[in-house]
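Show me the folded form of this:
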Amino acid sequence: MRLQNETTKTLTNWFKKRKFAKLIQENLDGLWKLAYMKCQNQEIAKDIVQDTCAKAYKYFMDTNEVIVNPRGWFSKILLNTHIDYTRKKYFESVDIDNIEITDGKNLNQEVETNIFFGELDKVLKELKPEQREIIVLKDVNEYSYKEISELLNIPLGTVMSRLHTARQILRKLLTQKGYSREEIKTGIET
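Down below sits the predicted model:
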């Protein structure tokens, strides 16, 4: 009987580990983007994602709770992990111009895109942190309004209001830098 219980427990753990590995695979890219958006540093973002995965794994293995919204669950853990990091360390920004372009399809287009994203990065830093966060969650990570509301614990109307205001400010600042409305739309969709 004891051997049977141990075997059952071992199999259950094995299945849980496989399920968790699948959840990580499906959400890792979004976690990385969110972590990088929060700290603007690749190394720190890697640490935050790694800590997030470790915390999520421990919780997942220690409970029998069903994770209904894995993307939101992981994001919430990541945001809390980032808060822990900010309490401990001072973050330095990385200039997006220093990021290497690895795709060699069309060098001119890549240079223009890199310049645009360099400008976009600078302009995003001019927004209030809560506006920048809303823009990245909605327009980069493609979270729904409801998901953002739940993630940040703010009313749905506040999400929509902040996003609208942030987009207006972003357009205005990019227009002041000489970008047309069409260039802004095309650049952001890239």
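
ok, then the element right after the helix or strand hosting residue 8?
When secondary structure is defined using DSSP states H and E, the element that contains residue 8 is helix 2-39. Reading on from helix 2-39 to the C-terminus, the next helix or strand found by DSSP H and E is helix 42-62.

hang on, residue 170 packs against residue 135?
Yes. With contact defined as C-beta atoms under 8 Å, residue 170 counts as touching residue 135 (6.7 Å). In short, each C-beta sits where N, CA and C put it, glycine included.

okay, and the common contacts of these two?
Jointly contacting residue 170 and residue 135 under the rule C-beta atoms under 8 Å, 6 or more residues apart in numbering are 124, 127.

Pick out the residue nearest the middle of the chain.
The residue at the geometric middle of the chain, judged as the C-alpha nearest the mean C-alpha position with C-alpha atoms, centre = their mean, is residue 34 (1.4 Å).

wait, what's in contact with it?
Remark: with contacts taken as C-beta under 8 Å, 6+ apart, residue 34 is in contact with 75, 78-79, 136-137, 141.

What about those, which are in helices?
Of these, the ones assigned to helices by DSSP state H are 75, 78-79.

ok, those vs residue 39, which is closest?
Nearest to residue 39 among those is residue 78, at 10.7 Å by C-beta to C-beta.

Can you tell me the closest non-neighbouring residue to the closest one?
If you skip the residues right next to it in sequence, residue 78 has residue 52 as its closest partner in space, 4.4 Å away by C-beta to C-beta, 6 or more residues apart in numbering.

Neighbours of that neighbour, how many?
By the measure other C-beta atoms under 10 Å, the count of residues near residue 52 is 25.

of the contacts of residue 34, buried ones?
75, 78-79, 136-137, 141 (16 or more other C-beta atoms under 10 Å).

Go through the residues you listed and name the one nearest residue 157.
residue 137 (16.0 Å).

Could I get the contacting residues of that closest one?
By C-beta under 8 Å, 6+ apart, residue 137 lies in contact with 34, 143, 147-148, 151-152.

Find the residue ranges of this protein scoring beneath the pLDDT cut-off.
Per-residue confidence of the chain (counting by pLDDT under 70) places the weak regions at 1-5, 87-121, 179-190.

Quick one: residues contacting the nearest residue to residue 135 once chain neighbours are set aside.
When the adjacent residues along the chain are set aside, residue 135 lies closest to residue 166, with 5.0 Å between them (C-beta to C-beta, 6+ apart). Taking C-beta under 8 Å, 6+ apart as the definition of contact, the neighbours of residue 166 are 127-128, 131-132, 134-135.
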